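Engineer: Got a sequence here, can you build the structure:
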Amino acid sequence: MHTAHRPLNSASHAASALGLRSRAAASSRIGRPRRLAGLTLWSWLVLLGLGALSLGTGARCLPVLLEYQGVTKAAHRAARAVTAAEARAEFDRVALVEGVRSVQGTDLAIEGGAAGLRVRFAYQREIPLAGSAYLVFKLSGDAP
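Structural biologist: This next block holds a predicted model:
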């Protein structure tokens, strides 16, 4: 029997040299299942659990940070007053409007100077996480 030799052209020779598969080799993979890439069910459950935990903790921290902004605003308004008694009263008025419950005017450290009053505050807030675990915020600031 006579078998026909096909001459190799330069394109097929280059493709085989680069390790590229021919159409015949690619079509033979049709029957085999491909390996799927992605996350498993357990991976998704772990990621969703961690996401829910971080969102829950963030939701508990947001009121603390908003209250800190209110305290800072009240301290800046109190620093415009002339006397320490007026500054404490002004702080209490603004804190009432802002919804501040952690700091009162009596908790402020007020110093008088040539440029005006300097109002300082420092307080601590605890957020219960689970059991005896707490997230503690130590907040402080001052207003010129």
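
Engineer: which stretches of this protein have low pLDDT?
Structural biologist: For the chain, the stretches flagged by pLDDT under 70 are 1-31.

Engineer: For it, which segments are assigned as strands?
Structural biologist: Counting by DSSP state E, the chain has strands at residues 109-112, 117-130, 133-143.

Engineer: Mind putting those strands into CSV with mean neighbour count and distance to Gly56?
Structural biologist: (Glycine included, C-beta is placed from N, CA and C.) Formatted as CSV, the strands of the chain follow (neighbours: other C-beta atoms under 10 Å; distance: least, C-beta to C-beta, whole Å):
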stretch, mean neighbour count, distance to Gly56
strand 109-112, 14, 35
strand 117-130, 15, 9
strand 133-143, 13, 11
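
Engineer: Between these, which one is closest to Ala37.
Structural biologist: With C-beta to C-beta as the criterion, Ala37 lies closest to strand 117-130 of these, at 35.4 Å.

Engineer: related to what we said a few turns ago, wait, which of the strands of the chain is closest to Val82?
Structural biologist: Per C-beta to C-beta, nearest to Val82 of the strands of the chain: strand 117-130, 7.8 Å.

Engineer: any idea which helix is longest in the chain?
Structural biologist: The longest helix of the chain (DSSP state H) is helix 41-78.

Engineer: relative to strand 133-143, how tilted is that one?
Structural biologist: Taking axes from the mean of the first three to the mean of the last three C-alpha atoms, to 10 degrees, one finds helix 41-78 and strand 133-143 inclined to each other by 30 degrees.

Engineer: Relative to Glu90, which of the strands of the chain is closest?
Structural biologist: Once the strands of the chain are compared by C-beta to C-beta, strand 117-130 is nearest, at 9.5 Å.

Engineer: Alpha carbons only: can I get the closest one in PDB?
Structural biologist: Output of strand 117-130 as PDB, limited to C-alpha atoms (Å, rounded to 0.1, in the frame of the first residue of the first chain):
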ATOM      1  CA  LEU A 117     -11.500  79.500  75.000                       C
ATOM      2  CA  ARG A 118     -10.100  76.100  74.300                       C
ATOM      3  CA  VAL A 119     -12.500  73.300  74.900                       C
ATOM      4  CA  ARG A 120     -11.200  69.700  75.300                       C
ATOM      5  CA  PHE A 121     -13.200  66.500  75.700                       C
ATOM      6  CA  ALA A 122     -12.300  62.800  76.100                       C
ATOM      7  CA  TYR A 123     -14.700  59.900  76.600                       C
ATOM      8  CA  GLN A 124     -15.000  56.200  76.000                       C
ATOM      9  CA  ARG A 125     -17.700  54.100  74.400                       C
ATOM     10  CA  GLU A 126     -18.000  50.300  74.500                       C
ATOM     11  CA  ILE A 127     -20.000  48.200  72.000                       C
ATOM     12  CA  PRO A 128     -20.800  44.600  73.100                       C
ATOM     13  CA  LEU A 129     -19.900  42.100  70.300                       C
ATOM     14  CA  ALA A 130     -20.500  38.600  71.700                       C
END
